[in-house]
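**Student:** Dropping a prediction and its sequence here:
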Amino acid sequence: MIHLLLDMSNKYLIEFMAFILGMCFVLRWMTYVSSKRNDTYFSTLAREITIAIERDKEENIRIKDIDQYLGKFFNKISDKLPNRSLRFKNDPIENHGKKVMSMEGYLSGRENFVNILKSEEGVFHLQTQPNFSELTQRILGLDPHWSTMFKKVPIDGVSRLIDIMPGLFVVFGVFGTFVGISMALPEIAQIDFNNIDGSGETLSRFVTNTAYAMETSLAGIVFSVLMTVMNALFPIKDMRYRIHKKVETSLQTLWFHVQLSSKAENEIIIVLKSLNETLQKMQAQQDATFITEKKAS
């Protein structure tokens, strides 16, 4: 079994590496395109959140009900976001042939991430500042457009695999070299040095195996360089990190805005309550003084 595996490696290792290189190119390109779409979507999200917050500050809006405010806030944001593969379906029975949005389309469309944000509204009620990095990671992890390709292939896993491929190609090349040499060395034992002319075929196989061993190393180096260049031209990790920071900054800005706006309203209420209690105490003291003076007279 091992001999068969080594023999297959000696014959088809370069072709196998070329196939893997092609697959990596395709996956890298698809991951890059997906990340570019995410960058467009989340950049728009971050921009619209900032614009909406600045507009509320200019209008001096005070938040009385956080849930109600966030509901209206996210609805305004969702109308400005790019579409994300929103799909409609025909329902001839219940809707008389009209096109309606499917639940799958709603959850995977542009509203998807807004719905995820709405599910985390409880965070904005907290008086203690949350860990925004963990919050962002948790929210993004719930978005299928962010975490997977075709809702099945994990993007982070594919990206990590492609990142290590340059090193693996070098390993494959070295492996092929050792396999080729190990297959070539036994040929030396079959050479009849007293009859060199009759050992021409054996020498030819020895040279062929040795040459193939060197070619696998060269192929591994070339494929490694190509993968390194491709990873540099289409960076995925850096792009996803920038997107993560954009979302994290937006959530942090929104949290501080909600806390400051609602706290100002609460402080006014507390002051009014305190003033009302003070007035009631003063009125009670005046009434008591009036009663005492009336009895004394």
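**Tutor:** Received it, and whenever you're ready, just let me know what you need.
**Student:** Please settle this for me: is Ile63 part of a strand?
**Tutor:** No. Ile63: not assigned to a strand; according to DSSP: H, G, I helix; E, B strand; the rest coil it is coil.
**Student:** in the stretch 1-150 of the chain, which spans are helices?
**Tutor:** 2-58, 66-78, 103-108, 111-119, 132-141, 144-147 (DSSP state H, counting those that start in this stretch).
**Student:** okay, those helices in CSV with mean neighbour count, mean pLDDT and distance to Gly180 next?
**Tutor:** Backbone N, C-alpha and C define where each C-beta goes, glycine included. Below are the helices of the stretch 1-150 of the chain laid out as CSV (neighbours: other Cβ atoms under 10 Å; pLDDT from 0 to 100; distance: least, Cβ to Cβ, whole Å):
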stretch, mean neighbour count, mean pLDDT, distance to Gly180
helix 2-58, 15, 84, 6
helix 66-78, 16, 85, 60
helix 103-108, 13, 41, 50
helix 111-119, 19, 77, 52
helix 132-141, 15, 89, 46
helix 144-147, 18, 86, 42
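**Student:** nearest to Thr228, of those helices?
**Tutor:** Judged by Cβ to Cβ, the one of the helices of the stretch 1-150 of the chain that comes nearest to Thr228 is helix 2-58, at 11.4 Å.
**Student:** Tell me which residues touch Thr148, please.
**Tutor:** By Cβ atoms under 8 Å, 6 or more residues apart in numbering, the contact list for Thr148 reads 154-155.
**Student:** Work out for me the element the nearest residue to Asp39 once chain neighbours are set aside sits within.
**Tutor:** Leaving aside its sequence neighbours, Asp39 sits nearest to Ile243 (Cβ to Cβ, 6 or more residues apart in numbering; 5.6 Å). Assessed by DSSP states H and E, Ile243 sits inside helix 237-296.
**Student:** What separation is there between the residue positioned nearest the centre of the chain and Leu45?
**Tutor:** Centrality entry for the chain: nearest residue to the mean C-alpha point is Trp146, 4.4 Å, by Cα atoms, centre = their mean. The gap separating Trp146 from Leu45 is 12 Å, by Cβ to Cβ, to the nearest Å.
**Student:** now swap in Lys281 and tell me
**Tutor:** 51 Å.
**Student:** Show the contacting residues for the nearest residue to Ile139 once chain neighbours are set aside.
**Tutor:** Spatially, and ignoring its direct neighbours in sequence, Ile139 is nearest to Ile116 (5.5 Å; Cβ to Cβ, 6+ apart). For Ile116, the contacting residues are 139, 142-143, by Cβ under 8 Å, 6+ apart.
**Student:** any chance of those in CSV, plus distance to Met227?
**Tutor:** Output for those, formatted as CSV (distance: Cβ to Cβ, whole Å):
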residue, distance to Met227
Ile139, 32
Leu142, 32
Asp143, 28
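**Student:** ok, so of these, who is nearest Glu120?
**Tutor:** Using Cβ to Cβ, the contacts of Ile116 come closest to Glu120 at Ile139, 6.1 Å.
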